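[1] Task: produce atomic coordinates for the following.
(one chain, ligands or ions: 2)
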Amino acid sequence: MTVRHRRKAWAALLLAPGALVAASRAHAPASAAPAELAWSVPDPTSLPDGEARRQILRGEELVRHTAALIGPQASDPARRYAGNNLDCQSCHIDGGTRKFGLPLVGAYAAYPVYRARSGKIDTIVERINDCLMRSLNGSPLPAGSADLDAIVAYLQFLSSGRPHGSRTEGQGAGHIAELPRAADPSRGKAVFAAQCAACHGRNGAGQRAADRPGYVVPPLWGADSFNDGAGMARLASAANFIHANMPDGTTWERPVLSVEDAWDVAAYVEAHPRPHKAGVEHDFPDRRGKPVDAPYGPYADGFSAHQHKYGPFAPIRAAAQP
Ligand code: HEC
Ligand code: HEC
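    Ligands and ions are numbered 1, 2, ... in the order given. Predicted structure coming up:
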């Protein structure tokens, strides 16, 4: 952080009375979590020639051009594992190297880790295959396959120098303030028409690439989109991702959409149909650990499915307090 930024942050704290509490909460998770390591992206092309470099670059290719290599129209039918034509980098922007663009930098270092969705300790391989089965609506890459090993090698490389259990700044897509009301798809429809439709299309179907399987702009709903069990199918994940990264080219430092518009346009996206993941009712075996915005039941509380999908979420959280 530069001195200039630091000054700005302190000025904001002095101006806003309750801001100190909010700021320290935002930066310090409840448990005594270790400090976040600084953001940096290693460059695989700086590696010496050899098998390790080849494997890491192959993994990067798989993250960037997933549809062409392992999508439903991949040239090798034996490698068609993804069920839609998204690329990993449709969401993990720029090969997973964009701060607050759901980066894959530092992800490898977090695993194995307990995850509430599975109710067990998951390995990095299980986490990758979760995205294959949900975000890419497909089937898992088999253990020991060259494609899986290459993705793991690329992710391990992106965590170079980051010890197991460490956290890296810039992970995820940020945490915008929640709305005190339900997010509103009809308000979001107007935001979509003004800010998104030019690229993603009025029908949300995106734009196919002319020269290869996959998209130039990925679809946001419909048969070729992520399924209802995917992280992006949760309103908060989508709203934060959109606020920090969309319209494409936006960065977390200079968001284009207001916080309100981000929630409402995310609601408009999530209001559309998408593939269903069989068995999602078995996710979060301990339902008290289920995120408030999981768009599918069963829930530990009596709030409606509509409120879980669109908010407001504060009342749900308050009711869950022991
Ligand atoms: C439709 C969007 C989407 C696509 C496509 C997608 N992912 Fe994800 N992925 C997510 C979201 C959302 C998360 C959750 C991020 C978080 O919890 O901060 C995630 C999380 C992950 C994580 C865990 C990150 C961490 O820090 O714990 C890994 C690893 C991962 N994805 C790998 C992949 C790979 C490899 C592919 C391609 C085969 C892929 N993803 C495709 C949306 C997507
Ligand atoms: C300039 C073109 C452009 C505009 C405008 C744009 N997007 Fe995107 N969007 C992209 C591209 C390209 C990607 C793939 C990721 C990347 O390369 O940055 C993407 C990815 C996404 C994704 C994740 C991938 C998926 O398929 O679900 C979501 C969600 C999304 N955009 C929503 C929006 C919303 C909502 C708006 C309007 C606020 C918007 N985008 C505006 C080009 C655009």
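[2] burial of the residue of the stretch 151-300 of the chain found nearest ligand 1, as a residue count?
    Nearest residue of the stretch 151-300 of the chain to ligand 1: Gly231, at 3.0 Å (Cβ to the nearest ligand atom). The way it works is simple: take the backbone N, C-alpha and C, and place the C-beta from them, glycine included. Applying other Cβ atoms under 10 Å, we find 19 other residues in the vicinity of Gly231.
[3] Which strand or helix spans the spatially most central residue of the chain?
    For the chain, the residue nearest the mean C-alpha position is Leu102 (4.8 Å; Cα atoms, centre = their mean). Assigned by DSSP states H and E, Leu102 belongs to neither a helix nor a strand.
[4] residues in contact with it?
    Residues near Leu102 by Cβ atoms under 8 Å, 6 or more residues apart in numbering: 91-93, 96, 172-173, 241.
[5] tell me, which of the residues you listed make contact with ligand 2?
    91, 93, 241 (Cβ under 6 Å from any ligand atom).
[6] ok, the residue lying closest to Ala205 once chain neighbours are set aside - contacts?
    Nearest non-adjacent residue to Ala205, counting by Cβ to Cβ, 6 or more residues apart in numbering: Pro219, 5.0 Å away. Going by Cβ under 8 Å, 6+ apart, Pro219 touches 86, 200, 204-206, 225.
[7] quick one, what contacts the spatially closest residue to Ala223 that is not a sequence neighbour?
    Of all residues not flanking Ala223 in the chain, Pro275 sits nearest, at 6.5 Å (Cβ to Cβ, 6+ apart). Contacts for Pro275 were tallied using Cβ under 8 Å, 6+ apart; they are 83-84, 137, 223, 225-228.
[8] How about Arg288?
    Counting by Cβ under 8 Å, 6+ apart, Arg288 has contacts 300, 320.
[9] coming back round to it: let me know the distance separating the residue nearest to Ala205 from Cys196.
    For Pro219, the distance to Cys196 (Cβ to Cβ, to the nearest Å) stands at 12 Å.
[10] and the ones next to ligand 2 among the contacts of Leu102 as JSON lines, adding neighbour count, secondary structure and pLDDT?
    Below are the ones next to ligand 2 among the contacts of Leu102 laid out as JSON lines (neighbours: other Cβ atoms under 10 Å; DSSP: H, G, I helix; E, B strand; the rest coil; pLDDT from 0 to 100):
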{"residue": "Cys91", "neighbour count": "23", "secondary structure": "coil", "pLDDT": "98"}
{"residue": "Ile93", "neighbour count": "23", "secondary structure": "helix", "pLDDT": "98"}
{"residue": "Phe241", "neighbour count": "22", "secondary structure": "helix", "pLDDT": "98"}
